[in-house]
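Sequence and predicted structure are below.
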Amino acid sequence: MKQKLLQLAKKYKFISGSLYAVYRLRSLLYSALFLVCRIFPIEENKIVCCNLSGKGYGDNPKYILEEINRQQLDYKIYWLINEAPDMPLPEGVHWVPNKIFSSAYHLSTAKIWIDTHNKKIGVLKRKGQYFIQTWHGNYGVKKIALDENATWPLVSRKTYSYNTKLADIMISNSKMTTSIYRNAFGYNGEVLECGSPRNDIFFEDTSPYREKITSFLSIEAKKIALYAPTYRDSQRTDCYQLDFKKTQKALETRFGGDWIFLIRMHPKAISGIEKIPIDSTYILNVTNYPFIQELLAASDVLISDYSSCMLDYAETGRPCFLYASDLEKYDMERGFYWDITSLPFPFAQNNEELAENIQVFDESGYVQKLSALFAEVGLCDNGNACRQVVKYIKNISH
């Protein structure tokens, strides 16, 4: 399999290089636009945010801005989104079309940028501006960026290299996350190890989120199992064949109560929902619900595969189970930072194993393993991340 991947990499090397040449030309035009926009002054209290490359409002920037609002700070906040949002943004947050002209103007005139992803090559930062890179995941299971296998696209490699120089600070929730930034991104700049802003909610009373989700879905207050698998680079979908009836019975046997499933597919694996027998009586599709942290906070159990959401959810102390039928194939394609079977989360490669893992779940042993994991990675999440990031923002903007 590895040899096949290397052959494909060689086959498409010329194509990748040609695409990069086109991308580079576009980037030069983008840079020229940024230079023109320098005729406008930087606004000292202006913040421009972006998430998922413009796909919507959410993730770490959302929670940082909520803290800014809680403190009633005087900032003008703009959010780059590709299309008009289908839900109202919070008071004081203004939607900006994530188009070449509008994004160049607003980024050129903002004191601070906050983003979960890399900026495009061609974006130019001015003296006196700050780029806070929050990223969109923490220490995880699957390898990312430069740690991935040889077929990683040339454009992506160049983009990461460009952004290591563009970012002023990265937000980290652990020593291991910081190490991944250094190795996978080649980042040598400042890191604020304050925790992940989006995980602050796990240190609050989570019952309001449960009430919000059940009200949003118009469901009774049953126990909730969230199924949130990640995507495959190959876009295959045969890996999402969870036996919901068997799993539901195992959950009822081990934990009691009536259970429903909420299905949250990764944005890059939307087609995978076709493999899941949606049944409004006990299986609901919440893929379009924008805030996965709220779904995690509302759930009694998480079932995932290789998604880093398992490590966010672990901070609730609630049971998490892993189900993945393609372990060896995924390891060949992507690679892991961990021996996944050594993590605290019981791992199954088929539905029978998953049901068995649920039925024999040892809560006390699980909690001990979580504590050992948090110590090993140097976890620093404690519910104070948003306040720490806002403190940094206040220091650089006044």
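Cool, the structure landed.

Help me confirm that Lys369 is found in a helix?
Yes: looking at Lys369 with DSSP: H, G, I helix; E, B strand; the rest coil, it is inside a helix.

That one and Pro344 touch, don't they?
Yes: applying C-beta atoms under 8 Å, one finds Lys369 in contact with Pro344, separated by 3.5 Å. All C-beta spots, glycine's among them, are computed from the backbone N, C-alpha and C.

Those two: who's more crowded?
Pro344 (19 against 16; other C-beta atoms under 10 Å).

Would you check how far apart that one and Gly378 are?
Distance of Pro344 to Gly378, computed by C-beta to C-beta, to the nearest Å: 16 Å.

so how far is the helix or strand where Phe374 lies off the chain centroid?
Assigning secondary structure by DSSP states H and E places Phe374 in helix 363-377. Here the centre of helix 363-377 is set off from its chain's centre by 23 Å, with C-alpha atoms, centre = their mean, to the nearest Å.

Please name the nearest non-neighbouring residue to Thr164.
Tyr187 (4.6 Å; C-beta to C-beta, 6 or more residues apart in numbering).

The one you found in helix, strand or coil?
Tyr187 is classified as coil under three-state DSSP.

how about the strands of the protein, start to end?
43-50, 76-81, 93-97, 110-115, 130-133, 169-172, 190-193, 223-227, 259-263, 283-285, 301-304, 320-323, 347-348 (DSSP state E).

Pull out the buried positions in the helix holding Phe374.
Within helix 363-377, the residues scored as buried using 16 or more other C-beta atoms under 10 Å are 366, 369-370, 373-374, 377.

list the contacts for the residue nearest to Thr164?
Residues counted as contacts of Tyr187 (C-beta atoms under 8 Å, 6 or more residues apart in numbering) are 164, 167, 170, 181.

I'd like the distance between Leu295 and Arg264.
Counting by C-beta to C-beta, the gap from Leu295 to Arg264 is 6 Å.

Overlap in contacts, those two.
With C-beta under 8 Å, 6+ apart as the test, Leu295 and Arg264 both reach 226, 228, 286, 289.

which non-adjacent residue is nearest the first one?
Across the structure, with C-beta to C-beta, 6+ apart as the measure, the residue nearest Leu226 apart from its sequence neighbours is Ser299 (4.0 Å).

isn't Asp305 right up against Tyr227?
No: counting by C-beta under 8 Å, Asp305 sits too far from Tyr227 to count as a contact (9.5 Å).

What sits closest to Ile278 if chain neighbours are left out?
In space, Ile278 is closest to Asn285, 5.4 Å off (C-beta to C-beta, 6+ apart).

any idea how far Glu353 is from Lys143?
25 Å.

shaky segments in this protein?
For the chain, applying pLDDT under 70 flags the ranges 1-20, 149-152.

what do you get if the cut-off is 80, keeping everything else the same?
Residues of the chain meeting the criterion pLDDT under 80: 1-24, 149-157, 221, 233-235, 269-280, 398.

For it, which residue occupies the most central location?
In the chain, the centroid-proximal residue (C-alpha atoms, centre = their mean) is His136; its distance is 3.5 Å.

In contact with that residue, which residues?
51-52, 59-60, 116-117.

one more time with 10 Å, if that's ok
Counting by C-beta atoms under 10 Å, 6 or more residues apart in numbering, His136 touches 51-53, 58-61, 115-117, 196, 198, 308.

What of Leu28?
Applying C-beta under 10 Å, 6+ apart, we find Leu28 in contact with 121-122.

please redo it, this time with the cut-off set to 6 Å
Applying C-beta atoms under 6 Å, 6 or more residues apart in numbering to Leu28 gives no contacts.

Now mean neighbour count and distance to Pro153 too, for the strands of the chain, in a markdown table please.
Listed next are the strands of the chain as a markdown table, based on neighbours: other C-beta atoms under 10 Å; distance: least, C-beta to C-beta, whole Å:
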| stretch | mean neighbour count | distance to Pro153 |
| --- | --- | --- |
| strand 43-50 | 20 | 21 |
| strand 76-81 | 21 | 23 |
| strand 93-97 | 16 | 27 |
| strand 110-115 | 24 | 20 |
| strand 130-133 | 22 | 20 |
| strand 169-172 | 23 | 22 |
| strand 190-193 | 16 | 26 |
| strand 223-227 | 22 | 30 |
| strand 259-263 | 21 | 30 |
| strand 283-285 | 17 | 31 |
| strand 301-304 | 24 | 26 |
| strand 320-323 | 24 | 28 |
| strand 347-348 | 19 | 30 |
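
any chance of those in CSV, with distance to Glu204 too?
What follows is the strands of the chain, written out as CSV (distance: least, C-beta to C-beta, whole Å):
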stretch, distance to Glu204
strand 43-50, 22
strand 76-81, 23
strand 93-97, 21
strand 110-115, 22
strand 130-133, 23
strand 169-172, 19
strand 190-193, 21
strand 223-227, 18
strand 259-263, 20
strand 283-285, 25
strand 301-304, 18
strand 320-323, 20
strand 347-348, 30
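
quick one, which of those is nearest to Arg236?
strand 320-323 (15.6 Å; C-beta to C-beta).

so what does the closest one touch, helix or strand wise?
Other elements packing on strand 320-323 under the criterion 3 or more C-beta pairs under 6 Å, 6 or more residues apart in numbering; DSSP states H and E are strand 301-304.

hmm, try it at 7 Å
strand 301-304, helix 309-313, strand 347-348, helix 351-359 (3 or more C-beta pairs under 7 Å, 6 or more residues apart in numbering; DSSP states H and E).

related to what we said a few turns ago, nearest to Val93 among the shared contacts of Leu295 and Arg264?
Tyr289 (19.1 Å).

Quick check: that closest one touching Ala298?
No: look at Tyr289 against Ala298 with C-beta atoms under 7 Å: they stay out of range, at 10.1 Å.

These two: which is more packed in?
Ala298 (22 against 15).

Please identify which pair of the buried residues of helix 363-377 lies farthest apart.
Going by C-beta to C-beta, the pair spanning the buried residues of helix 363-377 furthest: Tyr366 and Val377, at 16.7 Å.
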